[in-house]
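1. Model the following, please.
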Amino acid sequence: MYRRSTDLMVKNNVELFSSRWGLVLVGLGMAIGTGNLWRFPRIAAQNGGGAFLLPWLFFLFAWSIPLLIAEFGLGRGSRRGPVGAFATMVGRSATWMGGFIVVTTVMIMFYYSVVTGWTLKYFLVALLGGFANVDPSDYWNDYSSSIWQPAILHVVSIATAGAIVGRGLVSGIERANRVLIPTLFVLLVIAAARSVTLPGASEGLRFLFLPELSALMDFRTWLEALTQSAWSTGAGWGLICSYAVYARRSDNAVSNAITIGLGNNLASLLAAVAILPTAFAILPSSEAREAMAAGNIGLTFVWIPQLFGEVPGGQYFLPVFFLALFFAALSSLIAMVELASRALIDAGLQRSVAVLIAVGVGIVLGLPSAVSLSVFQNQDWVWGFALMISGLFIAVATIQYGVDAFRHDLVNTHSEGRRANRIYSWTLKFLVPIEFIVMFGWWMYQTVTVYEPVEWWNPLRIYSVGSCVVQWSIALVVLRLANRRLSEAHLGPRATLKAN
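-> Numbering: from 1, shown residues only. I've put the predicted structure just below:
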């Protein structure tokens, strides 16, 4: 096992957050994304409404917040992103695990910028009244089958995120999130307030907040709650690890992680309040449930314009919703570009050069998802599920370091406020690995029996185990072979770690 004193790793040229709230707002920007506004309302509706909220809140504290705290400790302790953090805090031989976390999130960045472009397009169209007298389904089909529009807006989105990241932490990332996140919450409150004042909205509110207790007996409800919490908060993505590079030693990792986690859940609830009561107020109950089952894309880009088109004053509130969605997407995209850039900065590049490379590669490798929905769906399938592995690797890092030592050395570095206790150590050592085994096993079972019962092994199918295994294996093999070079690039030839 390898360790280093965190004080020796603080670089003089590392910029720090201007305040605790600057850190929290940036963390909220990382966590709150399209998954809050388009996935959460759908998943909640499909899994018992209010009944879903109970396990969803449970897993916030049983999976997401513990991993966010762990990422915070790794990033602040090493003053490096995931690759360098694993090499420094766990050992050179573990560098490849940090590399896999970066690869997974960067692969998501390639198509996430495409989604950001979609939200920008729909905001502009809604603002100009372009959905009036237009069938939303036909509009989406025409737009998504186009080559140039999605590609151009993909480029605009990732270039915008890159320009913000290129300005540095305080002047770029923190300043942008100080505008994006408060504005996002204001927009969500406005949309939610309009939704709950519609005649008949009470049925949607009852569905959302009054639990159908029978749903708690369904194993799928618990698993969906776990996956939603994991993906929505950004736990295991390596993003908080990259931002924690700029945190002070006195910053309270536990309080910050809890604030980010609860803020993320609040944004999800506001989005659900904006959508579900509207759906139940405008549509018959059966059609409202059909809308919720339309998938992320179908719900957001087909049903939402249709719903707001039937709401009095909807032409004013539809741009509000899509502006909120765009801000959520952009704030998360900024975090992904920072993570990609951080990996290059840790390897010795200047920020300006690192950001240019990250954006340039993102533009090129994001184009296939921009011009082909099949590629987009496959990449979302493969690398979205890879986040489960990334989360496990974060827990493994704390176990290899020693969970109690990790808690003492890297988490409880503050003198006041909440502190991680032995329950936290137990959660990382036992509960998170058990959750991974159950969640990953269930996903494999569902894929083989439901999604691809005939050709689940076929790597050329969009939704198949084979496609995931092939792409993950390529990444893991390359990273394992390049492990030594990666560790040397991030630690340098003289950064020899001493065994404890």
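2. So which residues of the stretch 201-350 of the chain form helices?
-> 201-209, 219-233, 239-243, 253-282, 285-292, 295-298, 304-310, 314-346 (DSSP state H, counting those that start in this stretch).
3. Just the buried residues of the last one, please?
-> What that stands for is helix 314-346. Buried residues in helix 314-346, defined by neighbour count with 16 or more other C-beta atoms under 10 Å: 314, 317-346. No exception for glycine: its C-beta is placed from N, CA and C like everyone else's.
4. what mean pLDDT would you report for that helix?
-> Averaging pLDDT along helix 314-346 yields 96.
5. Repeat that for the third one.
-> Average pLDDT, helix 239-243: 97.
6. Repeat that for the first one.
-> Helix 201-209 shows a mean pLDDT of 90 in the predicted model.
7. That one to helix 253-282, inter-axis angle?
-> 140 degrees (axes from the mean of the first three to the mean of the last three C-alpha atoms, to 10 degrees).
8. Can you list the helices and strands that helix 201-209 packs against?
-> helix 40-46, helix 50-59, helix 175-196, helix 253-282 (3 or more C-beta pairs under 8 Å, 6 or more residues apart in numbering; DSSP states H and E).
9. how about TSV for the helices of the stretch 201-350 of the chain, with distance to residue 92 added?
-> Output for those, formatted as TSV (distance: least, C-beta to C-beta, whole Å):
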stretch	distance to residue 92
helix 201-209	49
helix 219-233	28
helix 239-243	18
helix 253-282	25
helix 285-292	48
helix 295-298	40
helix 304-310	49
helix 314-346	14
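10. Which of those sits closest to residue 161?
-> Residue 161 sits nearest to helix 314-346 of all the helices of the stretch 201-350 of the chain, at 4.4 Å, using C-beta to C-beta.
11. What residues does residue 361 make contact with?
-> By C-beta atoms under 8 Å, 6 or more residues apart in numbering, residue 361 lies in contact with residue 340.
12. what's the burial count for residue 59?
-> If you count neighbours by other C-beta atoms under 10 Å, residue 59 ends up with 23.
13. Help me confirm that it comes into contact with residue 226.
-> Yes: with contacts defined as C-beta atoms under 8 Å, residue 59 counts as touching residue 226 at a distance of 4.6 Å.
14. tell me, what's touching the two both at once?
-> Shared contacts of residue 59 and residue 226, counting by C-beta under 8 Å, 6+ apart, come down to residue 435.
15. Pass me the low-pLDDT residue ranges in this protein, would you?
-> 1-13, 494-500 (pLDDT under 70).
16. Can you tell me the closest non-neighbouring residue to the residue nearest the centre of it?
-> By C-alpha atoms, centre = their mean, the chain has its centre lying nearest to residue 234, at 3.9 Å. For residue 234, ignoring the flanking residues on the chain, the nearest one in space by C-beta to C-beta, 6 or more residues apart in numbering is residue 31 at 4.7 Å.
17. The one you found: how many residues sit nearby?
-> 30.
18. mind listing what it touches?
-> 232-234, 260-261, 263-264, 332.
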